[in-house]
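Q: sequence? don't have it. structure:
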């Protein structure tokens, strides 16, 4: 049984891209403001792997891989009044938004585009292809992760 969990995490390349992560080597994955996505962030463990997905671009797709290196971090943007992610109901004693730190692993030589993902996986297998799904963070089963990684070889 696989002890590593897999995730898919979306970012618009104009906001934060796989190239940005490659340059910085690691970053805090801040700004997630959906409770279900936040709950997935809370479930992550150090060493888990996450597919980096470029969203809101043409064409969208999985562009690389990153590793979770720190968990259970209070998202600092919730406390910054000038941030668009500011949450006045959150406090340092009781933060509402937790996140993780990710480190760069690799950029894929060719992205795995959304049409390919829709062709290979059902909406039951991969939440990403479910109509109406807008989550920015989601789990990926080990079986699906292995199929995605096999697409690269």
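A: Happy to help now that I have it. Computed from a predicted structure; not experimentally measured.

Q: Point me to the residue sitting farthest from the middle of the chain.
A: The centre of the chain is farthest from one residue, residue 93, which by C-alpha atoms, centre = their mean lies 26.1 Å away.

Q: Now do the SS call for that residue.
A: Put simply, residue 93 is coil when judged by DSSP: H, G, I helix; E, B strand; the rest coil.

Q: What distance do you get for it to residue 79?
A: For residue 93, the distance to residue 79 (C-beta to C-beta, to the nearest Å) stands at 11 Å. Where C-beta positions appear, they are placed from N, C-alpha and C, glycine not excepted.

Q: can you give me the helices for this structure?
A: Assigned by DSSP state H, the chain shows helices spanning 18-24, 35-43, 114-120, 142-150.

Q: Now render these as a markdown table, adding mean pLDDT and mean neighbour count.
A: Output for the helices of the chain, formatted as a markdown table (pLDDT from 0 to 100; neighbours: other C-beta atoms under 10 Å):
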| stretch | mean pLDDT | mean neighbour count |
| --- | --- | --- |
| helix 18-24 | 98 | 15 |
| helix 35-43 | 97 | 15 |
| helix 114-120 | 96 | 15 |
| helix 142-150 | 96 | 16 |
